[in-house]
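Undergrad: A predicted structure for the sequence below; I have some questions about it.
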Amino acid sequence: MTVTICSILIVAFFVVMVSVGFYTRKHATDVNGFVLGGRSVGPWLTAFAFGTSYFSAVIFVGYAGQFGWNFGLASTWAGLGNAFIGSLLAWNVLGRRTRVMTQHMDAKTMPDFFGKRFKSTPLKVAASLIVFIFLIPYTASLYNGLSSLFGLVFDIPYWVVIIVMAALTGVYVIFGGYMATAVNDFIQGIIMLFGICAVIGAVLADNGGLVEASKTLASVTGDAGWQGAYTAFLGPDPLALLFVVLLTSLGTWGLPQMVGKFYAITSENDIHKGTVISTVFAIIVAGGCYFLGGFGRLYSAEDGIKFNAQTGQPLFDSIVPAMLSTLPALVIAVVIVLVLSASMSTLSSLVLTSSSTFTLDVIKPSTKKEMTDKRQVSIMRLFIVFFILVSAVIAIFKDAHPEVTFIAQMMGVSWGALAGAFLAPFLYGLYWKGVTKAATVVCFVWGCGIAIIQLIITLGGVNVSGWGPVLGYIFKSSINSGVVAMVGGLIIVPIVSLFTKKQDEKELDQLFECYEEKTEATAKEHLK
C-alpha cells in the first residue's frame, strides 16, 4: 500500500516538474530571460524561490535531526532566526537596493556585481572561481538523507534515486531556465508547507500529543546531564545554538543563489508582498523542521536511529527517518515528495547560479569574439548538465566510499566560505561608497582562508583544545568558524577600506545615482 501511494505521488510530481520546464521554455530564449526571467518575476514566485532555495533536504533530514538532538525544542530558534534574520531582514536590507543597483549596472550574477561595482575583471573572475569551487560540494550535499528516506519504502539502490532526481531537475532547468525554476519552486513550496504541517501533526499524535511529548522529552537527561535540558528555553548549550542561528540565518545574505532572487523582482509592491510571503514560509518550513527535530530524543535504536559504534553519537541523518517510520503510508509518501521538492528546488537554483556565473563571468570575458545571447544560453545549458553530473557523481562516490572524508568536510565548510567571502563586500557595496577593491580582496582571502584552515583541521583530526579557549572554540566546528568568517568580514572590510585606495568619485557617483532617480520617490525607497 505504501509503495503504491508513494509511486503515484512521485510520478505525478515528476510529470508536473518536467511539464513546467517545457511550458516556460519561451522565457529562456536570451540571457536575461534564462538567468533572471526577464526581471519580471512576481512576489509569490520570487518569495517561494527564495524560500525553497534556502531550505533543502539537508535542513529537513540532516540539520533538523542534528540540532534537534543537540538542543531539543530550543532548536526551533534556528528556524525562527532563518525567518526573521535570513528572510525578513534580508528582504528589507538587501531586496530593494540589490534590485536597483544590479539593474542600473546590468549585473546578472554576484561576481558580475563585484566586477562592475569595483571596476575589476580579475575580481569578477576570482569571485566566480570561489562560487565554482564551493558550490559544487554544496550541491552534492543536497542528496544527503534521500537514501534513508527512500529506504523506508523502496528497495532500490541509492544511486538510482540520485540519477533520477538529477536528470529530471536538469530537464526542467535546461528548458525553462530561471522561470521554470521559479514556477516549480512555487509548486514545491506548497508541497513543503502542507507536508511539514502534516508530519508535525502525525509525529505529535504518535507521541500522545504536544503536552505528553513535551513531558516525556523533559524527563530526558541525555548528554546535557540535567533533566529538562531539551525543553529549556535556550536548550543545554545557548552559545552553540547562537552560532547555529547566525550561520544558517545571516549566512544567506552572502550566498549567490539566494541574493540572485532579488535581481529578478518586478516592482516595489512585489518587494512588500515578497517580504511577508517569504517570512511566513520560513516560519512554517524552517521553524517546523527544527521543532520536529527537537523530539528526536524520544526515539532510540529500537526505532531505527543508527549510532556510531566508536563515539556513541547518533548518525544524524537517521533520526528523522526513524521518527517517520511508524507513521501512516500517506504521511510517509507526502514526506518523500516533500524532501524531493526541497532537494530539487535547491539543486535547480544552485546549478543555474553556477552555470550562469561561470559562463558570464569566466567564459565570456576570456573569449575574444563577441558571443551572441543564443550562444551564451547554449553554453549555460551545457554547464548545467556538467554541474548536475558532477554533483551526482560526488554524491554516489561519497555513499560508496564513506571513508573518504574530504567530500563530507568540503560540504560542511562551503556555506561558511561563500558567506564569509561575499557577505560583507556585497552588503557594504550596496550602501557605502567608501568600500574599496582592496578590502573586497582581503575579505575574499579571509573567508576562503578560514574555511580552508577548518578543512585541514577537520581532515587531519587536529585536536584544537590546546589552542586556547578562543581559537579552540572557533575551529571546533565548521559552524563556529563560518560565523567567525562572516562577522570578521563585516569588521575587516570597513577597516581596510579606510586605509586603501578609494575608487574614482565620478565612477561612484554614476553607480549610486540609480538610488536618486525619481520615480514616485527616490529609487532607494520605491522601485520604478
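TA: Noted; the coordinates are in hand.
Undergrad: Beyond the host helix or strand of residue 486, next helix or strand please.
TA: Element membership for residue 486, per DSSP states H and E: helix 478-498. Using DSSP H and E, the next helix or strand after helix 478-498 towards the C-terminus is helix 505-512.
Undergrad: And the spatially most central residue of the chain, how close does it get to residue 228?
TA: By CA atoms, centre = their mean, the chain has its centre lying nearest to residue 54, at 4.0 Å. Residue 54 sits 32 Å away from residue 228, going by CB to CB, to the nearest Å. Just so you know, the C-beta spots here come from the backbone N, C-alpha and C atoms, and that holds for glycine as well.
Undergrad: Surely the residue nearest to the centre of the chain is in contact with residue 91?
TA: No: taking contacts as CB atoms under 8 Å, residue 54 lies outside contact range of residue 91: 11.9 Å.
Undergrad: Report the distance from the helix ranked longest in the chain to the chain centre.
TA: Across the chain, the longest stretch assigned as helix under DSSP state H is helix 158-206. From the chain centre to the centre of helix 158-206 is a distance of 14 Å (CA atoms, centre = their mean, to the nearest Å).
Undergrad: what do you get for stretch 484-504?
TA: 25 Å.
Undergrad: what mean pLDDT would you report for that stretch?
TA: The average pLDDT within stretch 484-504 is 94.
Undergrad: How about stretch 375-382?
TA: 89.
Undergrad: tell me which residues of it are tucked away?
TA: Neighbour-count burial for stretch 375-382 flags 376-377, 379-381 (criterion: 16 or more other CB atoms under 10 Å).
Undergrad: With stretch 264-284 instead?
TA: 264-266, 268, 270-271, 273-275, 277-284.
Undergrad: Could you report the distance from residue 28 to residue 463?
TA: 51 Å.
Undergrad: Give me the more crowded residue out of those two.
TA: residue 28 (24 against 9; other CB atoms under 10 Å).
Undergrad: hang on, isn't the more buried one packed against residue 181?
TA: No: with contact taken as CB under 8 Å, residue 28 and residue 181 are classed as non-touching, separated by 10.1 Å.
Undergrad: got any ranges where the chain has weak pLDDT?
TA: Filtered on pLDDT under 70, the chain yields the residue ranges 1-2, 38-40, 144-148, 152, 268, 301-302, 402-409, 411, 519-528.
Undergrad: so which helix or strand takes in the residue nearest to residue 208 when sequence neighbours are not counted?
TA: Distances taken as CB to CB, 6 or more residues apart in numbering place residue 216 nearest to residue 208, at 7.8 Å, with adjacent residues excluded. Using DSSP H and E, residue 216 sits in helix 210-218.
Undergrad: measure residue 312 to residue 224 for me?
TA: Remark: distance between residue 312 and residue 224 (CB to CB) = 15 Å.
Undergrad: And those two? Which one has more around it.
TA: residue 224 (17 against 8).
Undergrad: Verify the contact between that one and residue 240 for me.
TA: No: using CB under 8 Å, residue 224 is not in contact with residue 240, being 11.5 Å away.
Undergrad: hang on, the earlier thing: show me what the longest helix of the chain is packed up against.
TA: helix 2-23, helix 31-36, helix 43-54, helix 146-150, helix 268-293, helix 319-324, helix 329-358, helix 373-400 (3 or more CB pairs under 8 Å, 6 or more residues apart in numbering; DSSP states H and E).
Undergrad: Check which residues of the third one are buried.
TA: Which is helix 43-54. Neighbour counts using 16+ other CB under 10 Å place 43-54 of helix 43-54 among the buried residues.
Undergrad: From the buried residues of stretch 375-382, pick the one nearest residue 73.
TA: residue 380 (44.0 Å; CB to CB).
Undergrad: The closest one contacts residue 28, doesn't it?
TA: No: with contact defined as CB under 8 Å, residue 380 does not count as touching residue 28 (9.5 Å).
Undergrad: Residues that sit against both of the two, list them.
TA: residue 34 (CB atoms under 8 Å, 6 or more residues apart in numbering).
Undergrad: how close does the residue nearest to residue 194 when sequence neighbours are not counted sit to residue 149?
TA: Spatial nearest neighbour of residue 194, excluding adjacent residues (CB to CB, 6+ apart): residue 334 at 7.5 Å. For residue 334, the distance to residue 149 (CB to CB) stands at 12 Å.
Undergrad: What of residue 83?
TA: 25 Å.
Undergrad: Residue 198 too?
TA: 15 Å.
Undergrad: Which one's more surrounded, those two?
TA: Legend: neighbour count by other CB under 10 Å for residue 198 and residue 149, higher for residue 149 (24 against 17).
Undergrad: The more buried one touches residue 338, doesn't it?
TA: No: counting by CB under 8 Å, residue 149 does not reach residue 338; the two are 9.4 Å apart.
Undergrad: hmm, back to that, dump the buried residues of helix 43-54 into CSV; add distance to residue 454 as well.
TA: Output for the buried residues of helix 43-54, formatted as CSV (distance: CB to CB, whole Å):
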residue, distance to residue 454
43, 38
44, 38
45, 36
46, 33
47, 33
48, 33
49, 30
50, 28
51, 28
52, 28
53, 24
54, 23
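Undergrad: which of those lies closest to residue 76?
TA: residue 54 (16.5 Å).
Undergrad: tell me the contacts of that closest one?
TA: Shown in contact with residue 54 (CB under 8 Å, 6+ apart): 82, 86-87, 252, 258, 282, 286, 346.
Undergrad: Greatest separation within the residues you listed: which pair is it?
TA: Greatest spatial distance among the contacts of residue 54 (CB to CB): 87 and 346, at 15.1 Å.
Undergrad: picking that back up, then the helix or strand following the helix holding residue 216 to PDB, C-alphas only?
TA: Downstream of helix 210-218, the first helix or strand assigned by DSSP H and E is helix 238-250. Written as PDB, here are the backbone C-alpha positions of helix 238-250 (Å, rounded to 0.1, in the frame of the first residue of the first chain):
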ATOM      1  CA  PRO A 238      22.900  28.500  24.300                       C
ATOM      2  CA  LEU A 239      26.200  29.700  22.900                       C
ATOM      3  CA  ALA A 240      26.400  26.900  20.400                       C
ATOM      4  CA  LEU A 241      22.800  27.500  19.500                       C
ATOM      5  CA  LEU A 242      23.600  31.200  18.800                       C
ATOM      6  CA  PHE A 243      26.300  30.200  16.400                       C
ATOM      7  CA  VAL A 244      23.900  27.900  14.600                       C
ATOM      8  CA  VAL A 245      21.300  30.700  14.300                       C
ATOM      9  CA  LEU A 246      23.900  33.100  13.000                       C
ATOM     10  CA  LEU A 247      25.400  30.800  10.300                       C
ATOM     11  CA  THR A 248      22.100  29.500   9.000                       C
ATOM     12  CA  SER A 249      20.400  32.900   9.100                       C
ATOM     13  CA  LEU A 250      22.900  35.700   8.400                       C
END
